[in-house]
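**Q** Provided below are the primary sequence and the corresponding predicted coordinates.
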Amino acid sequence: MCRHLAWLGRPRSLASHCAAAVLMDLPLVQDLQAAKQGRHKLHFDRSLPSRFGVLPRYGDGSQIRWFEASPCYIYHVVNAWEAGTTVVMDVCRMSRPEPRPTRPGPLGKLLGYLRLDARLHRYEFDLATGKFVPSGFALPKGKHRVAWLDEN
């Protein structure tokens, strides 16, 4: 099994805002045995932590700050912003990204990856203290409304 930062080139692997970029090193790794057979197969490795690197906007690699969290897969970054010395990032987090075939046939496993069981999650990275706070969200029960801003 090989673990490296190759996923940084994918859109779901980076959150950027005016002060910093958050790089995600998630434990979704390539299966080397399958690669030797010419197949592309990913494996979620629960023995590895999820790591988040916060890089100042105009910084270099020596200025990155790494934070560790329990293993997960980030399906999508919702938003990221700065609150004082803290970088806040809201994401859709999957705690069990293993495929469960939902349909028969060759696409069943692929479609199993696409099931939406992601939950809204917030990560707070305090760059002054080094404190890292992961937390989930609890939406109020009942109907939910989304407000859109109309700038016209």
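**A** Great, that's in hand. Numbering: from 1, shown residues only.
**Q** And the closest residue to residue 46 other than its chain neighbours, how close does it get to residue 127?
**A** Of all residues not flanking residue 46 in the chain, residue 71 sits nearest, at 5.0 Å (Cβ to Cβ, 6 or more residues apart in numbering). Any C-beta I mention is one placed from the backbone N, CA and C, and that applies to glycine too. To residue 127, residue 71 is 24 Å away according to Cβ to Cβ, to the nearest Å.
**Q** before we move on, the earlier item: give the helix, strand or coil label for the residue nearest to residue 46.
**A** Classification of residue 71 by DSSP: H, G, I helix; E, B strand; the rest coil places it in coil.
**Q** isn't residue 44 right up against residue 94?
**A** No - judged on Cβ atoms under 8 Å, residue 44 makes no contact with residue 94 at a distance of 9.1 Å.
**Q** Pick out whichever of these two has more residues nearby.
**A** More neighbours surround residue 94 than the other of residue 44 and residue 94, with 22 against 18 (other Cβ atoms under 10 Å).
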